[in-house]
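Colleague: fold the stuff below for me.
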Amino acid sequence: MAVVAGLGAGVIAAVAQIAMWWLAGMPLPETLFRDARLVAALVMGIEVLPPPSTPQWNILLVATLIHFLLSVLYALIAAHWIGRLRNGSVLFAGALYGLTLYVINLYGFTLLFPWFEVVRDWVTLLTHLVFGVALTAGYWLLARASMGSWRRH
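Modeller: Okay, the predicted model is just below:
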């Protein structure tokens with residue numbers, strides 16, 4: 001369940017981020033390729049950071065894999081407490097989890113990976129909130145559906 005919820009939340013957050021870039025008037029391809037380089041540099045090293053912000057499929061592939069691996073990891077961590085939430089607290093807890101991830105990722109991890117400071121903005125903050133809400137809601141719904149299925153047998 002955590003893997004499915006994490007992957008789903010990762011997709012929803014990515015789509016939301018692209019939509020918010022568009023709404024903010026940010027240049028979509030360049031911003032996407034920039035962020036892909038930032039993420040891929042975690043594994044490929046800082047030599048992938050410099051422009052141009054053009055599509056390089058190896059960088060996009062590595063960044064995508066890291067994005068979804070982190071989405072699943074964050075879901076596995078949250079799975080320990082999401083199932084215990086009550087109906088009314090699921091979305092609030094998800095937003096709080098997303099905010100926590102934003103602070104850890106963009107203020108804690110930037111001590112090790114300072115190139116992420118460039119993405120400390122409202123779009124990234126809202127994207128983390130969307131991820132947290134989508135993750136907790138998705139996991140909670142999957143857990144409830146699974147329990148209902150188990151009770152029928």
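
Colleague: can you give me the neighbour number for G83?
Modeller: The number of residues packed around G83, counting by other CB atoms under 10 Å, is 16. For the C-beta atoms, the positions are set from N, CA and C on the backbone; glycine is no exception.

Colleague: next one: phi and psi at it?
Modeller: phi -60, psi -20 (degrees, to the nearest 10).

Colleague: cool, and T54?
Modeller: phi -120, psi 160.

Colleague: wait, S146 touches M1, no?
Modeller: Yes - taking CB atoms under 8 Å as the contact criterion, S146 and M1 are neighbours in contact, 6.5 Å apart.

Colleague: which one of the two is surrounded by more residues?
Modeller: Here S146 and M1 are set side by side on neighbour count (other CB under 10 Å), and the busier one is M1, at 17 against 12.

Colleague: quick one, grab the pLDDT at that one.
Modeller: M1 carries a pLDDT score of 91 in this model.

Colleague: relative to V11, how far out is it?
Modeller: 16 Å (CB to CB, to the nearest Å).

Colleague: check A143 too.
Modeller: In this structure, A143 lies at 19 Å from V11, with CB to CB as the measure.

Colleague: of the two, which one has the most company?
Modeller: The residue with more neighbours, out of A143 and V11, is A143; 18 against 14, by other CB under 10 Å.

Colleague: residues contacting the more buried one?
Modeller: For A143, the contacting residues are 1, 82-83, taking CB atoms under 8 Å, 6 or more residues apart in numbering as the criterion.
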